[in-house]
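**Q** below are the sequence and a predicted model for it; my questions follow.
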Amino acid sequence: MTTKPAEREEVARPDERQPRLTERRRLKMTRSAHAYVRGSATRFYAWLDDQPTGKLPDGPAIWIGGDCHIGNLGPIADAEGNVAVQIRDLDQSVIGNPVHDLLRLGLSLTTAARSADLPGVVSSSMIDALSDGYEQTFDDSRSDATKAAQRPAVVKIAMKNALHRSWRRLDRQTIDNTQLAIPLGKRFWPLSDEEREAIRTLFESKSASSIYAALTGKKSAKGKMKVLDAAYWVKGCSSLGRRRYAVLLNVDDGCSSGGPPFLVDIKQAVAAAAPRRDDASIPLDNAKRVVEGARHLSPMLGDRMSAARLDGCKVVIRELMPQDLKFDADRLSEKDAVKAAHFLALVVGRAHAGQMDARSRQTWLTELQRGRTKTRTAPPWLWRSILDLMVVHEADYLVHCRQFALDRLNR
């Protein structure tokens with residue numbers, strides 16, 4: 001393997017990783033209340049556990065994303081490069097109550113607005129837009145409006161970047177190197193000899209046919225994959241500390257004819273914090289659970305994913321397409337925030353509604369509207385829940401920041 005060190009960039013040896021990753025995760029969560037929300041899905045579900053029965057609507061048992069914050073929605077591509085906005089991270093996906101996705105997105109949007117110093121009136125309007133956009137996807141009489149929904153500026157920018165992005169123009173969150181090597185530095189750290197060998201075996205053994213099929217879309221077992229380079233990938237927030245690798249693959253010797261290598265993401269699958277329905281039929285293997293959730297919620301992504309085992313560890317494998325991007329919450333403006341809330345609610349609503357028949361959609365719509373006194377405004381249960389969540393997370397965020405500062409002083 002030919003991983004090249006980048007100049008003046010800090011790297012960590014395998015035996016140094018865990019404390020460094022823990023510190024980095026804690027630091028990332030101090031940057032803003034919204035950054036804290038992104039990295040604290042377990043706190044969100046702890047709040048849900050404390051809610052009395054009947055306070056929140058009880059939706060049909062369907063696959064949910066489980067962690068639908070803004071950063072986990074964005075443009076993704078299918079194997080042919082077609083791009084659409086869908087849920088892009090399914091680590092927490094389970095068969096559960098769809099209201100959990102709605103609340104998680106609402107909390108993310110409102111804390112992003114507060115972190116961007118937008119007025120409280122904007123946050124109030126965002127919650128109304130969130131409610132209206134989500135409900136719209138279950139109202140068959142508004143299907144034409146759903147199809148004609150306008151993308152807000154933050155979505156247009158991401159889509160434009162995605163549509164014009166090629167492998168050789170991947171930005172700093174992936175790889176900007178065309179020499180078939182991964183540059184070590186802040187984002188990519190060296191592997192141990194055991195990790196290198198396990199990754200090579202994973203892709204080059206005879207049992208890798210299912211991975212080959214997921215990456216190429218071909219069902220033939222005759223294809224070949226050769227590992228060109230690999231590195232530990234320092235990526236994400238809540239997932240920092242899990243096993244995560246970036247791998248460059250030469251598939252069917254395509255690199256010999258001048259084609260780019262496949263950039264593959266290997267991510268450890270762990271138990272979901274999101275509560276599942278007791279009677280739900282969900283794969284016990286966490287990697288298979290993630291893939292199954294993706295196929296129901298974001299098929300353009302799910303069809304490119306494969307569950308596997310890396311040296312005994314359950315992992316999810318997918319090719320990272322150049323068009324796969326996340327939204328930049330820092331781009332939220334006062335003018336665009338309400339439109340963004342409505343559009344992203346449509347994205348989550350479509351993922352849910354696509355799993356229901358007409359009767360289930362109507363029943364769920366009626367339940368969502370419980371207690372509403374005026375049209376196109378959020379029902380009281382949604383407003384109060386998001387308000388309570390914001391208060392809890394803002395307080396926890398400040399406690400986290402203070403503890404982080406005290407720990408640094410005491411070193």
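**A** Structure's in. What do you need?

**Q** now the residue nearest the centre of the chain. Nearest residue, chain neighbours left out?
**A** Most central in the chain under C-alpha atoms, centre = their mean is residue 89, positioned 2.5 Å from the mean C-alpha point. Nearest residue to residue 89, sequence neighbours excluded (C-beta to C-beta, 6 or more residues apart in numbering): residue 72, at 4.0 Å. (Glycine included, C-beta is placed from N, CA and C.)

**Q** what do you get for residue 103?
**A** Closest residue to residue 103 apart from its sequence neighbours, by C-beta to C-beta, 6+ apart: residue 385 at 5.7 Å.

**Q** name the element that neighbour belongs to?
**A** Using DSSP states H and E, residue 385 falls within helix 380-409.

**Q** run through the stretch 301-411 of the chain and note the low-pLDDT ranges.
**A** When residues are selected by pLDDT under 70, those of the stretch 301-411 of the chain lie in 322-331, 376.

**Q** and the residue nearest to residue 103, how many neighbours?
**A** Close neighbours of residue 385, defined as other C-beta atoms under 10 Å, add up to 23.

**Q** same question for residue 189.
**A** Burial of residue 189 is recorded as 21 neighbouring residues (other C-beta under 10 Å).

**Q** find me the pLDDT at it, would you?
**A** With respect to pLDDT, residue 189 scores 93.

**Q** could you double-check that it sits in contact with residue 18?
**A** No. Counting by C-beta atoms under 8 Å, residue 189 stays clear of residue 18, with 11.7 Å between them.

**Q** show me the common contact partners of those two, please.
**A** Counting by C-beta atoms under 8 Å, 6 or more residues apart in numbering, residue 189 and residue 18 have no contacts in common.

**Q** how about the helices of this structure, start to end?
**A** For the chain, helices defined by DSSP state H occupy the ranges 17-28, 33-38, 41-49, 99-115, 120-136, 143-147, 153-163, 193-204, 209-216, 286-297, 299-302, 334-353, 358-368, 380-409.

**Q** what's the closest of the ones you listed to residue 85?
**A** Closest of the helices of the chain to residue 85 is helix 334-353, at 5.3 Å (criterion: C-beta to C-beta).

**Q** and the closest one, how far out from the chain middle?
**A** Here helix 334-353 is found 16 Å from its chain centre; the criterion is C-alpha atoms, centre = their mean, to the nearest Å.

**Q** what do you get for stretch 369-379?
**A** With C-alpha atoms, centre = their mean, you get 30 Å for stretch 369-379.

**Q** measure that stretch end to end?
**A** End-to-end distance of stretch 369-379: 6 Å, with C-alpha to C-alpha, to the nearest Å as the criterion.

**Q** quick one, what contacts residue 190?
**A** Taking C-beta under 8 Å, 6+ apart, we find residue 190 in contact with 3, 11, 13, 14, 184, 231, 232.
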